[in-house]
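Q: The following comprises the amino acid sequence and a computationally predicted model.
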Amino acid sequence: WWEGRMNSAEDDMGTSGYWIDSFQNMFMSQMNYQNADQAPQVREWWTWMAAESRKGVGLISESTAFPALSCSIEVGGNPHDFEGTWWTLPYVTRWYRGEDVPGKGTAKADRLFFRSMANKGPICPGDGDTAQIPSMGRMSAEYMAALPNMRRPYQLADDKGVLWLSNMGDGDGVLYCFTDGPLPTGLTAEGIVDKAKAEALKAHATYTVKAADLLTVFGIVRGSEKDPRIGQPYTAPIHFQKTW
């Protein structure tokens, strides 16, 4: 019955992934209460998840990270210090449930959101109160426009931002800019949503960037082996979210 319902969601509605609430309750601690031994059902759940993964269906969990990605309310350390734990951000989303985003309604909240989405982990204000992040509408639109090319990330030196390259090569990508500055030599940039050509880079703006070699432009040393992700096909998720 379960597999039939989930397959129907995928076939009839085009569902491409699931966000699983209370993952630890449903998928980690379920018992077969119909039988006298009340045996755990973890294997059955994980077998289903493995089959879904092989089909290309995405899974993200709330609270528990293994074996799926996690939309977590349990990030270790200081939950407000995302700038100090940027490496966790592609794997968790900080959900401010029962508390306000730090600096709500101010530039501080904007900065926190921008830096987190630059690392593929945009934060989520509690109770749907998007006003806590003044520029959330603009930034969310930029994020969804950038997502198809956010395949290979590079942290730029001197707090300049995060560069994402597509799987098509090293000549085109997305730049999340953290500081104001001139365009590096050999770089062309335009606003990722408005397509306006940039004469200089502005902090907290997202750009489509091109160059003969973006890694060289930003001073990134390339390894001796070819990046195995180059040339791998990727289909970006469809954006069904409401307009903020």
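A: Thanks, I have it.
Q: Surely residue 106 touches residue 134?
A: Yes. Look at residue 106 against residue 134 with C-beta atoms under 8 Å: they come within range, at 7.4 Å. Quick note: C-beta positions are derived from backbone N, CA and C, even for glycine.
Q: Neighbours of residue 187, how many?
A: Number of residues near residue 187 (other C-beta atoms under 10 Å) recorded here: 18.
Q: and it, what does it touch?
A: Neighbouring residues of residue 187 by C-beta atoms under 8 Å, 6 or more residues apart in numbering: 209-211, 214, 217.
Q: Please check those and keep the buried ones.
A: 209, 211, 214, 217 (16 or more other C-beta atoms under 10 Å).
Q: So which of the residues you listed are in strands?
A: residue 209 (DSSP state E).
Q: Which of the buried ones among the contacts of residue 187 sits closest to residue 98?
A: residue 209 (38.8 Å; C-beta to C-beta).
Q: do you know how far that closest one is from residue 217?
A: 8 Å (C-beta to C-beta, to the nearest Å).
Q: for residue 225, same thing?
A: 21 Å.
Q: Secondary structure class of residue 158, three-state.
A: helix (DSSP: H, G, I helix; E, B strand; the rest coil).
Q: Could you give the number of residues near it?
A: Neighbour tally, residue 158, other C-beta under 10 Å: 9.
Q: so who does it touch?
A: residue 179.
Q: What's the per-residue pLDDT of it here?
A: Model confidence at residue 158, expressed as pLDDT, equals 90.
Q: Same check on residue 88?
A: 67.
Q: Make 37 the first number, not 1, from now on.
A: Sure, I'll start counting at 37 from here, so that last one is residue 124.
Q: now residue 88: how far from residue 259?
A: As for residue 88, its distance to residue 259 is 33 Å (criterion: C-beta to C-beta).
Q: higher neighbour count, the two?
A: Neighbour count, other C-beta under 10 Å: between residue 88 and residue 259, residue 88 has more, with 19 against 6.
Q: Remind me which helix or strand the more buried one belongs to.
A: Using DSSP states H and E, residue 88 sits within helix 78-90.
Q: who does the helix or strand following that helix touch, helix- and strand-wise?
A: Sequence-wise, the next helix or strand downstream of helix 78-90 (DSSP H and E) is strand 94-98. Here strand 94-98 touches strand 53-56, helix 78-90, strand 105-107, going by 3 or more C-beta pairs under 8 Å, 6 or more residues apart in numbering; DSSP states H and E.
Q: Give the buried residues for strand 94-98.
A: 95-98.
Q: Tell me the one among those nearest to residue 151.
A: residue 96 (20.6 Å).
Q: about what we covered before: what's the most buried one of the helices and strands packed on strand 94-98?
A: Of all the helices and strands packed on strand 94-98, strand 105-107 has the most neighbours on average by mean count of other C-beta atoms under 10 Å, namely a mean of 20.
Q: I'd like to know the average pLDDT value across that one.
A: 60.
Q: Next secondary structure element downstream of that strand?
A: strand 131-132.
Q: Give me the angle between whichever strand or helix holds residue 41 and helix 78-90.
A: Assessed by DSSP H and E, residue 41 sits inside helix 38-49. With axes from the mean of the first three to the mean of the last three C-alpha atoms, to 10 degrees defining the directions, helix 38-49 sits at 20 degrees from helix 78-90.
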